[in-house]
Every structure is written in C-alpha cells, then in structure tokens.
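Visitor: model the structure of this input:
(chains A and B)
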Amino acid sequence: MKLKLSILLTLIFSISATAFGQKEVVKPTTQTKPTADAKPADAKAIVAKMPTAQEILTKYAQALGGKTAHEKIKSRTMKGTMEIVPMGIKGSFESYAVAPNKSLTKSTLAGIGELVEGFDGQTAWTVNPLQGNRDKQGEELAQTKLINNFYREVNLAQLYPKMEQKGTEKVGEANAYVLVGTPESLTPETFYFDTKSGLLVRQDATFISPEGKTPTKTFFEDFREVDGVKLPFKMRTVMPQFEIVVTITEIKNNVAIEDSKFTKPKI
Amino acid sequence: MLKKVFLLHFFILLCFLSANAQAPVAAQKTVTPDASDIRQQSFEKVWNTINEKHFDPTFGGVDWQKTRENYEPLALATKSDAELHAILNKMLRELKLSHFAVFMPPAETKTAKSSAGVIGIELKMLDNLAVISQVQIGSTAAQSGLETGFAVRKIGGKTIAGLLTPLEKSFSNRTLPEAQKKLYRERILLAYINGDAGTQAKIEVLNGKNQPQVFNIARVEHKSEMSLAVGNFPAQEVIFETKRLPNNIGYIRFNMWVMPQMSKIREAVRSMKDVDGIIFDVRGNPGGIGGIATGVAGLLVKEQSSLGTMKSRANETKFIVYPQSGAYDGKVVVLTDYGSASTSEIFAAGLQEIGRATIVGETTAGAVLPSVFDRLPTGATFQYVIADYKSPKSILIENRGVIPDIESKQTRQALLEGRDLQLEKAIEQITKKN
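Guide: I've put the predicted structure just below:
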C-alpha cells in the first residue's frame, strides 16, 4: 500500500517559462531525441532502451513495492507539516484514508485556522474558515474521485486510459521518462519517471476548481519504505503564484478508522 | 490521503489585498561587512520577481530592462538598507500600480518609529482639511475634549501643509487617483499624530467655533485585539462593530479583512435574519485577505456567483462565492469612501455588479491588485502584485475605483453636528419603498 501521491499528482502541465522561471522548465523531446541536457552517452543508452508506457508504469509499481504489497494495506493515516512560499505561511496536517476511496484531511495553518476536506466515496466536501462549507461538483468532483483512489499509483494504466510515451526529460539531475496520461473526462497530466529508480519524480497537472484551472508542477523527493511500499516524504508543488512544500512526519498503515470520519459535517 | 489539492484551492483565496499605503518608517539596520552583498541580492530579488511574475508581460509599457539599468547603480551605491528600500520603492512606482512596496515589518520598526501609542481618533480629508471623523469613546483624545468635525491644523507645531510637502512632491511624478492621494495624506498625518506610547501629541485644531485650539494629548499603548500574522502578512488591529439601528436595520463595520473578522461577521449576519436591511460599512477599510470577501458574500447570496476575476500571466482565478445555509436575503448596502481599498473594493464591486447590494458613499481608492508578501535578504517585507482584478462585468477597478450607485459626501459641518450623512443616505436606501 502506498501513499496517495495522486493527491499531489493530479495536476497538469502547460507551464510557461516566463511564469515560473526558466530553471525548472524543460524542453520537449521525442522518443528518438535525447534532451539537450543529457550526456550524449547516457542519452544514446536511454533512446536505445526506450521502454513502452506500460513498461514504465510496471517498473514504477515495482519500485513502489509492487501491487500485492499495496493491496495488503487497507487504510492509512499521515501527519506532516507544510509551508507556502513566498508567503511564509506554515502549518500542519493530518489525513485519513480507507480503501477504496474514502479520505479526510485536516490542515491547520498559522493565523488562518483549520481547513477540512472529505470524500465519503460519493460526496466530496470542504469546510474552511473563509468560505464555510460546500460540496464539489462536476469536473472538480471527478478529479477528487480520481485522486482519492487508494491504489491509484499501481493502477495508473487503468485510471488513465490514454497513456502516451513522450521521450525523456531532465528533472533536476535525473533523466526521466515522460508519459502523458489522460483520465476519463479530465485534462491530461504529465508524469516524469526516473529512468534509474523507476520512481515518479515529477507530475504536471491542472488543479480544477470553480475558481478556475491552475497549472501545477509537483516534485517528489525523499522516498522511504513503510510496510513494504515506498512513499515520498517530501513534495513540492509549484504554481504560478505560490509554491507549497509538504513534509510527511508520520505514516501509519492499516489503522482502524471509523467510517463516520468521512461523513460531511452538519453546519 | 494527503489533500494537497485542497490546499491549492484554499491558497488561491489567500491573495493578500491590503492597501499599499504603509506607515512611514525610518528603520536603519546596522551595516555589516557583507551588507552591500545583501543589498545587491535584495535588488536582484525585487527586479527578478517583477520580471518573472508581473501579471502584465508588457509591464504597462514600462521598459523593465531599462528600469534595471537606471536603478541598479543607484541601489548598489546605497549605504544603508533604508536607502536601498527607498530606491526599490521608487523603482516599483515606475509601474504606476498599487500594492507594490518594500517596508520593514512592524516588529523591526517599533524601535524606530512606532505606531503602538495612539490618541484614539480617525481622520478624513474633507475639502482639503484633515477633519476628525471619529473619536473613540474613553480615549485620551475624548478625555482631552477633541470632537468630530474639528479640523487639524498643526501636529507637533508643524503645519499640515508642511508635513505633507514631501508626499505632495512624490505625487508630482505619479499618476494617482485623487482618492488614493487622500488616503496617503490621511495615513501620513495619522502616523504623525500617533507615535510611541508614553509621549504626547501636540495638536492644533479649528474647533467647532472655527477658533484655533491647542491640545496636548497622551499617546497610550494600543490595547485592541490583534489578528495573528499570516506568514509574512503582519498582525493587524481588529476593530469590529455591529448594532441594530432604528428602523430595524443591521449595521456591521470592520477595519480590515483579517481572519478574526470572519467569525464575527458570520455571527452578526446570522443574528440579523429579521432586519429590513444590512449596512456593511467599509469606509476606511484598506483590505486584507481576499478570500474573506467571498466568504462574507456567501452569507448574502442564494446561488453561486463571482465577485470578479484575477488574471496572472499563467492563469485566471475567479472570486467564487459559495452560498451558505440560511443566507440573508434582505436589502444590503455597502458604505464606501476613498479609504475603501483592495478587498473592500472587490466586495463592493462584486456585490454591486451581481445586483446584490447598493453602494452608497464615495468612489473607492482604486487600489485593488491581488498581492503577496515576501521577504528580502535585508529583512524587509516585499509586497508585490501577482494578478490584475476585473469586476464581474470585466471592469478594471485599479486606478478607477468602485463608483457608488448613490453618491454621498461627508461634510465637516455634519461631523460637527454629530451627523453621518453617508450613513443617513444608506439608511434612507433601505427604508425607502421599492
């Protein structure tokens, strides 16, 4: 069982260099052309061995511990911290998830208060000190369902029926295979898998809400094994105006969680 | 499961929209051997941030590269952080937009020039006079005999005109709406009136008989409720007032859009289900957290709507209003003046254009660009714009303001008589038959 990276992963691409600063922007490449940043020898080797999308996803699932190990985990709790850059806002969170798709996350931000979001398998709801409470609808609800799939990371091929291989890119120092996946009824997302470890190191997506569509890039770091599955303990999501850094401090698997935890509160 | 998506959604609402008229500060940091490097890094950070993130890639016609060439030598020649910050502010003013500023955070300015000591008055610029518009009950100003309608002539022995001269000079090369100029004048004069707790303010006024009168008033430590800092957005004073006016009208006034106000406003609105109308008084309210405007609007609408849109280089974000259970459906009036800025303007413009409120009072400041607060290597706070703002009908409010449906100006004579003409007009709007 593994962390629902999906929550961080869901967001899509199309980031402009001018908006985010040039350092992290990568040049598109094709299956037959290595990235400009890659060392020639490495690049040739990568091209020669270019795996299919399915092979990349299979390697990813294996790198995370394998499907069997994931499916032994039926529930998970997590705790951690977060920081919003450049605003300097700090906070903490705790989250609860039960297979196949129930979840609840409470975030507490200094100076703001507690934000709660839940999904009971049918209804996705939020309560926050600014907007009060509301239910998600339409595309936003569809995206919530997608990212709340407890076994999402080992079922990407099923959840993203169209998954195309787009060559390689550099993510930091690593070479990465690039896949563009399109889930049903939602916009495509771009996945970057480390060519050596097989792990997902970056995902570009679009965060959908009634407020609009926000392009995001999420970077995954500090993978650690917990109960046989690997999870990233640090995630950095870059948006046009902000950057959110999340650090996980505690993960517990197969913890008993009351079903009522995920029910929308009456306010 | 880690709900990062939820956080993304929330942070969109956290664009800080406070007015850009910061109190004047005179903080000096001790020069260290690498201070010049730190100043250079600070210059780079400011210039690069604008270059990479400014919502308008044309910079409003300003040649930003040329701006660097002009200002970098000046910045590198500075001998103190304060000098650098002045240069940076001058450079930012080239963009001719609100919500750009470099200033020392409050904790670090306290020892230089503090606003922690107050006498308990508010000012309004009326017909070129600095007129006392409010005297807090029990304040040292009230105890000394200051009254609303008195016009301040001198502070500390210096004339108002003299105190405002540097500001007026700075206006000469800036294109600012008159509302914003009034706001700056008001802020500067209040900064001179207030000061370190334990000191005295010597103030000469024209009293109710138009006779000069001098008051020596103790500045006392400020003891009002404060909000918590939200990251680099400093803690703010929290002033909230709610009451029922005659004719069964609800009245809500608050000084800033900061978190502690949200629960107070929610409770007040929900206690007013039976009133014939609610007046939201945002006169003098310079803004705060943008998402609170949508939160308050959610207490007043039955259907999901939008208070407008902010557009950055990369995307557009709507100020969506989510209707809350038991939303108030009676008449709503938003009372504005030239001091209503930023989030107050989004609230007023949005409710006006979706037909939910009548705006009464004066044209607002026209300082309404969503911004965030960062830190510079010098330790200064760097406020910069991340997007523009357009009302629901796609009207740019920056440098224009929200034009009231019913214009009403405050007068000195009315204040001397203890009247509030704008509030009277707001009441009239609610009590009149449709």
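Visitor: domain parsing for chain B?
Guide: What the record gives for chain B is the domain set B:14-104, B:117-221, B:240-372+B:379-429, from automatic domain parsing.
Visitor: using JSON lines, please lay out those together with mean neighbour count, mean pLDDT and distance to chain A.
Guide: For the C-beta atoms, the positions are set from N, CA and C on the backbone; glycine is no exception. As requested, the domains of chain B are arranged in JSON lines below (neighbours: other Cβ atoms under 10 Å in any protein chain shown; pLDDT from 0 to 100; distance: least, Cβ to the nearest Cβ, whole Å):
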{"stretch": "domain B:14-104", "mean neighbour count": "18", "mean pLDDT": "83", "distance to chain A": "5"}
{"stretch": "domain B:117-221", "mean neighbour count": "17", "mean pLDDT": "93", "distance to chain A": "23"}
{"stretch": "domain B:240-372+B:379-429", "mean neighbour count": "21", "mean pLDDT": "95", "distance to chain A": "4"}
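Visitor: mind putting those domains in TSV, distance to residue A:68 included?
Guide: Shown next, in TSV, are the domains of chain B (distance: least, Cβ to Cβ, whole Å):
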stretch	distance to residue A:68
domain B:14-104	42
domain B:117-221	65
domain B:240-372+B:379-429	41
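Visitor: tell me which of the ones you listed lies nearest to residue A:57.
Guide: Residue A:57 lies closest, by Cβ to Cβ, to one member of the domains of chain B: domain B:240-372+B:379-429, at 29.1 Å.
Visitor: can you give me the helices in chain B?
Guide: With helices called from DSSP state H, chain B shows them at B:4-12, B:35-53, B:64-76, B:81-93, B:106-109, B:140-144, B:160-171, B:178-193, B:259-270, B:290-297, B:343-353, B:412-416, B:421-431.
Visitor: is it possible to get TSV of those helices that adds distance to residue A:219?
Guide: Conversion of these to TSV gives the following (distance: least, Cβ to Cβ, whole Å):
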stretch	distance to residue A:219
helix B:4-12	12
helix B:35-53	19
helix B:64-76	29
helix B:81-93	31
helix B:106-109	33
helix B:140-144	55
helix B:160-171	43
helix B:178-193	41
helix B:259-270	30
helix B:290-297	27
helix B:343-353	32
helix B:412-416	58
helix B:421-431	52
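Visitor: mind checking how far the closest residue to residue A:146 other than its chain neighbours is from residue A:205?
Guide: Counting by Cβ to Cβ, 6 or more residues apart in numbering or on different chains, residue A:146 lies nearest to residue A:183, which is 5.5 Å off, once chain neighbours are set aside. Distance, residue A:183 to residue A:205, by Cβ to Cβ, to the nearest Å: 10 Å.
Visitor: compare the two and say which is more crowded by neighbours.
Guide: residue A:205 (30 against 22; other Cβ atoms under 10 Å in any protein chain shown).
Visitor: what about that one, distance to residue A:180?
Guide: Residue A:205 is 11 Å from residue A:180, by Cβ to Cβ.
Visitor: stretch A:237-256: which residues count as buried?
Guide: A:237-246, A:248, A:251, A:253 (16 or more other Cβ atoms under 10 Å in any protein chain shown).
Visitor: of those, which one scores lowest on pLDDT?
Guide: Minimum pLDDT for these is recorded at residue A:241 (82).
Visitor: for the closest residue to residue A:243 other than its chain neighbours, give me its contacts.
Guide: In this structure, residue A:243 finds its nearest non-sequential neighbour in residue A:85, 4.3 Å apart by Cβ to Cβ, 6+ apart. The contact partners of residue A:85, by Cβ atoms under 8 Å, 6 or more residues apart in numbering or on different chains, come to A:242, A:243, A:244, A:245.
Visitor: pretty sure the first one contacts residue A:83?
Guide: No. Between residue A:242 and residue A:83 there is no contact, the gap being 10.4 Å when judged by Cβ atoms under 8 Å.
Visitor: and the pLDDT at the residue nearest to residue A:146?
Guide: pLDDT, residue A:183: 96.
Visitor: correct me, but it touches residue A:158?
Guide: No. Counting by Cβ under 8 Å, residue A:183 stays clear of residue A:158, with 10.0 Å between them.
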